[in-house]
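S.K.: what follows is a protein structure lacking sequence information:
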C-alpha cells in the first residue's frame, strides 16, 4: 500500500466494500455474562439530535484542539502508560449517555416509561450504583465511561497480543456506522466532523471517531476469539455430561395451542370493548374444546370451530396452531413453571391435552411430540423477499435517496448537491446488476425498486432479481448486496440492522413451511439459489451452509464456552479494574460532558 496514502482505513476499504461482504462463518455467539456488562460490540448509536439554542454553529466551528491535547487520565496497559485525552473521554461518556437516552426515547414512542427522562439533564436525575448508593445519572455515565475505557483498552491489547484482526464483516459494520453519520450530517447541512462534535463533544473528528470504534470493536473481537476457542475445545464427553445433568435445558417439545382471549380489547379509537365472553365462559369453552379432542386432526378442526371470525383465514393454514421446537425456558417464561413442568414431564405422551392459563389467554393444548433432542443441524440462508402487494401499493417507489455529498480525506462534507432524478438504468456493480444511478466513491446511489401490482407481478419481479444475480459473479457477497438493495424483509437487511438477508442458525418451527422445507432439504448445497413462494410473497433463497453437528450439541457447546469466557473475564477483572488514574483535568472534562449532554434534544 502506498505509504503516502493518509486516508482512514474505512476510506481505503470503501471502493471494495461490497465485494468484501461475507458471512461471518462463526457460530451464533451467546456472549458471556461479563462481556455483556460493559464490553459490548459497540457501534455507536447514530442519533438524530438537535443542539439547543445557538450552540450549533459555535460547536461546528470550534474544532476542540485543547480537548485533543488535554490529558484527563492515564491507563496502564501491559506495563505501558497510555494517555486518555478529553476527546476520548467525551466519546465514551457521550456514548454511555446516548445509549441510555436513545433507549428511553424509543420506549417513550410506545408509551413506556424506561426510568430515565431524556428531556432532562442527567445531573437532575438519580439512580443507584452497583453497591446500592444513590448517584446522579451524570455520575453513572462517568463511571460507565471509565469502566468502558479500562476494559476496552485492556482487551484491545489482548487482541493485539493474540494477533487478531478485525473481520471484513466487522470493518463493514464500522463503515456502515460512519455512513449513517454522514447521512445525519447531510440532513443537518454540516460536515461529518462538525456533526460528531455536535453529538459527542469537542475535540472529536471523523478520523478519531472511527479509531475509537475500531478500538472497541477490536476489544469485542477478543471476546469472540475466546468464545470460538473454548467452543472448539469442548469435548463430546463434556457435552454429553452437560446434557445428562439437565436434559430439559436442551430438549424441545412440539405442541398445538389455541388461545381464548380474556384480556380487555379496545377499538380503533382506544375505547374499551365489552368482550363477547367473560373469563369464566372462556375457561368453560377451553375445557369443552379439550374434552372433544381425539387426535391432532380433530384439534385443527376444533380451532376453526372455536376461533373468531377474524381468525378463520389464519386457522385454515395447517401450521397455524403448531409450535415446534419449543424450549422449557420459553414455556416457563410465557406460561409459567407449572406449564413447563407439564410439557417436559417424563410421563408426557403424544396426544396428551391440558389447559394453560395466563393473564391474557386461556390455552387449549395438545402435545404433538414430547421432549426430544434436536438432532437437526442448524442451517444458514440468505433470502430476498418480494412481498405480495397491498391493494393500494401499485406504483414504483424510491427505497433509498440520499443527498449527494462529496467528502474530503477526513470524511467531511465539502460540497452538497441535490440528486438528479432520472429514469432508472441498469448497471453492473460489484457483481450485482441493479437499477439506479452509477456508483461513485463519494456519492450514494439512488436505488429504485418496483412495487408489484399483483401476485403474478411479484413473481415476475423476483425472477428479474434472480436474473440480475445470475448475470453477476453469483457469489454470496453479491447476493447479500442484492438483498440489501431490494428485499422487502428489512429486518434481515442493513436497513433494519441485519446484513444481506442473512438468517443464521435456523431452527425448525420458526419459519413458514415452504421456507423451512427448502432450507432443511438434505440435498441442499452451499450456493444453491431458488425462488420459493410463501404466504408472504416470493423469496429468492441462497443456501449458505449447515453446521456439522446436531443443534443440541451446538447449543451446549456455546453454553459451555460462554461459561468459560465469563470465568476468565471475571478472573481478569482485577487486572484492569484500577488501571485508570485521573488527572486534575478530569473534573473539567466531566463538567463539560454534563453540560453538553444537557444541550442535546432528540427528535
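M.R.: Yep, it's here. All values derive from a computational prediction rather than experimental measurement. Numbering: from 1, shown residues only.

S.K.: buried sites along the longest helix along the chain?
M.R.: In the chain, with assignment by DSSP state H, the single longest helix is helix 206-233. Neighbour-count burial for helix 206-233 flags 206-210, 212-227, 230-231 (criterion: 16 or more other C-beta atoms under 10 Å). Any C-beta I mention is one placed from the backbone N, CA and C, and that applies to glycine too.

S.K.: what does stretch 514-527 give?
M.R.: 515-516, 518-520, 524.

S.K.: cool, and stretch 454-464?
M.R.: Of the residues in stretch 454-464, those buried by neighbour count under the rule 16+ other C-beta under 10 Å are 457-459, 461-462, 464.

S.K.: on that earlier part again, average model confidence for the longest helix of the chain?
M.R.: For helix 206-233, mean pLDDT rounds to 94.

S.K.: show me what that helix is packed against.
M.R.: Applying 3 or more C-beta pairs under 8 Å, 6 or more residues apart in numbering; DSSP states H and E, we find helix 206-233 packed against helix 9-14, helix 86-109, helix 137-161, helix 168-187, helix 192-200, helix 551-576.

S.K.: pick the most buried one from those.
M.R.: helix 192-200 (a mean of 26; mean count of other C-beta atoms under 10 Å).

S.K.: re earlier: tilt between the longest helix of the chain and helix 137-161?
M.R.: Interaxial angle of helix 206-233 relative to helix 137-161 (axes from the mean of the first three to the mean of the last three C-alpha atoms, to 10 degrees): 60 degrees.

S.K.: show me how far helix 206-233 is from its chain's centre.
M.R.: Distance, stretch centre to chain centre, for helix 206-233: 17 Å (C-alpha atoms, centre = their mean, to the nearest Å).

S.K.: what's the angle from it to helix 551-576?
M.R.: Orientation check (the same axes, to 10 degrees): helix 206-233 against helix 551-576 gives 130 degrees.

S.K.: end to end, how far does stretch 188-208 reach?
M.R.: With C-alpha to C-alpha, to the nearest Å as the measure, stretch 188-208 spans 21 Å from end to end.

S.K.: same question but for stretch 228-248, I mixed them up
M.R.: Start-to-end span of stretch 228-248 (C-alpha to C-alpha) is 25 Å.

S.K.: picking up where we left off before, among the buried residues of stretch 454-464, which are located in helices?
M.R.: With helices taken from DSSP H, the overlap with the buried residues of stretch 454-464 comprises 457-459, 461-462, 464.

S.K.: the helices in the stretch 451-600 of the chain, which residues?
M.R.: Secondary structure of the stretch 451-600 of the chain, counting by DSSP state H, counting those that start in this stretch: helices at 455-471, 476-486, 513-519, 551-576, 586-599.

S.K.: please read the previous query as pertaining to the stretch 251-400 of the chain.
M.R.: Per DSSP H, counting those that start in this stretch, the stretch 251-400 of the chain carries helices over the ranges 279-292, 296-306, 312-315, 328-335, 337-343.

S.K.: coming back round to it: which among the helices and strands packed on helix 206-233 is found nearest to residue 277?
M.R.: Among these, the nearest to residue 277 by C-beta to C-beta is helix 86-109 (33.3 Å).

S.K.: ok and that closest one relative to helix 137-161, angle-wise?
M.R.: Computed by the same axes, to 10 degrees, the angle separating helix 86-109 from helix 137-161 equals 120 degrees.

S.K.: when you give positions from now on, start the count at 336
M.R.: Done: numbering now begins at 336, and the last item shifts to helix 421-444.

S.K.: C-terminal to helix 421-444, what's the next element?
M.R.: Under the assignment DSSP states H and E, the closest C-terminal helix or strand after helix 421-444 is strand 461-463.

S.K.: need the contact partners of that next one.
M.R.: If you take C-beta atoms under 8 Å, 6 or more residues apart in numbering as the criterion, strand 461-463 is touched by 450-451, 469-472, 475.

S.K.: what does stretch 860-873 give?
M.R.: Residues outside stretch 860-873 that contact it (C-beta under 8 Å, 6+ apart): 652, 720-723, 793-794, 796-798, 801, 804-805, 809, 811, 814, 823, 847-850, 853, 874-880.

S.K.: what subset of the residues you listed is buried?
M.R.: 720-723, 793-794, 796-797, 801, 804, 811, 814, 823, 850, 853, 874-880.

S.K.: how many neighbours does residue 803 have?
M.R.: By other C-beta atoms under 10 Å, the residues close to residue 803 number 20.

S.K.: so it sits right up against residue 817, yeah?
M.R.: Yes: if you go by C-beta atoms under 8 Å, residue 803 and residue 817 touch, sitting 6.4 Å apart.

S.K.: what's the closest of the helices of the stretch 786-935 of the chain to residue 425?
M.R.: With distances scored as C-beta to C-beta, the stretch of the helices of the stretch 786-935 of the chain nearest to residue 425 is helix 921-934 (6.0 Å).

S.K.: now do the contacts for residue 911.
M.R.: 485-486, 488-489.

S.K.: how about the contacts made by residue 426?
M.R.: 535-536, 539, 543-544, 547.

S.K.: ok, it to residue 550 distance?
M.R.: According to C-beta to C-beta, to the nearest Å, residue 426 stands 10 Å off from residue 550.

S.K.: just to revisit the earlier point, would JSON lines of the buried residues of stretch 789-799 with distance to residue 613 and pLDDT be doable?
M.R.: Output for those, formatted as JSON lines (distance: C-beta to C-beta, whole Å; pLDDT from 0 to 100):
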{"residue": "792", "distance to residue 613": "47", "pLDDT": "95"}
{"residue": "793", "distance to residue 613": "44", "pLDDT": "95"}
{"residue": "794", "distance to residue 613": "47", "pLDDT": "96"}
{"residue": "796", "distance to residue 613": "49", "pLDDT": "95"}
{"residue": "797", "distance to residue 613": "48", "pLDDT": "96"}
{"residue": "799", "distance to residue 613": "54", "pLDDT": "96"}
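
S.K.: so which of those is the closest to residue 413?
M.R.: residue 797 (54.1 Å).

S.K.: the closest one and residue 874, how far apart?
M.R.: For residue 797, the distance to residue 874 - C-beta to C-beta - is 8 Å.

S.K.: need the overlap of contacts for these two.
M.R.: 719, 721, 866.

S.K.: so which of those residues belong to strands?
M.R.: Counting by DSSP state E, the part of those found in strands is 719, 721, 866.

S.K.: please name the bridge partners of the last one.
M.R.: Here residue 866 sits in beta bridges with residue 875, as judged by DSSP bridges.

S.K.: any idea how far it lies from residue 429?
M.R.: 46 Å.

S.K.: coming back round to it: can I get the contacts of residue 911 in a markdown table with pLDDT and distance to residue 673?
M.R.: Below are those laid out as a markdown table (pLDDT from 0 to 100; distance: C-beta to C-beta, whole Å):
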| residue | pLDDT | distance to residue 673 |
| --- | --- | --- |
| 485 | 89 | 45 |
| 486 | 90 | 41 |
| 488 | 92 | 49 |
| 489 | 91 | 45 |
